[in-house]
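Colleague: This is the structure alone, sequence omitted:
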């Protein structure tokens, strides 16, 4: 009778563990950074990660700030918008110390008039009557530009911003209910031989921890009753 009771308790605890929904996994992506010249120190959110060319995995989705440092070159401050489960590639051109260098560029957006413009998920303005909007000071690196207008499908594009240069985003919005045309892939430079780094350590899944606790408790109860 005691053994049967213990088995029932064990079965109930196992079912409880299986029924507990695991916590939603954090969305992450990968960033591949190259530089001209290579061998630059890479700091992501002020943490040293290695030297270019470099591949960093398990970065939280969204905007990530980074720095590139190399002797006799100016520090490169930039951003990269990380997309979930995707590899984002970025090439940075370093400027020698003493040369002219701007730590920003600009983005010109051309779309339908009255289109809302979002930069890295932040609303920045609306296109004018000619369908134009200019982001005059954009950080160097990769930005996610999202265009939205009522009655139309939203449009998103990653755009690279270089020092003192103007990048462009051009899109004709598609009315709701219409199949959009395929968006051409944006040209990106693929590192010839990226240097992999160990993924960032993450905490153990709460589901696994709770399951282990429940199974351990069940084992203790079963041992006492037998």
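Modeller: Yep, it's here. Owing to the predicted nature of the structure, the values given are computational and were not obtained by experimental measurement.
Colleague: now the strands for the chain?
Modeller: 28-36, 41-44, 47-51, 54-60, 62-69, 76-82, 87-93, 104-110, 116-119, 122-126, 132-148, 155-161, 166-170, 195-196 (DSSP state E).
Colleague: how about the fourth one: buried residues?
Modeller: Right, the one you point to is strand 54-60. For strand 54-60, a neighbour-count test (16 or more other Cβ atoms under 10 Å) marks 54, 55, 56, 59 as buried. No exception for glycine: its C-beta is placed from N, CA and C like everyone else's.
Colleague: Using a markdown table, please lay out those together with distance to residue 110.
Modeller: A markdown table is the format used below for those (distance: Cβ to Cβ, whole Å):
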| residue | distance to residue 110 |
| --- | --- |
| 54 | 34 |
| 55 | 34 |
| 56 | 33 |
| 59 | 31 |
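Colleague: got those as TSV, with pLDDT and distance to residue 26 columns?
Modeller: Below are these laid out as TSV (pLDDT from 0 to 100; distance: Cβ to Cβ, whole Å):
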residue	pLDDT	distance to residue 26
54	95	21
55	95	19
56	94	15
59	92	10
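Colleague: Relative to residue 75, which of the residues you listed is nearest.
Modeller: residue 54 (16.3 Å; Cβ to Cβ).
Colleague: correct me, but the closest one touches residue 42?
Modeller: Yes. Between residue 54 and residue 42 a contact is recorded at 5.1 Å, counting by Cβ atoms under 8 Å.
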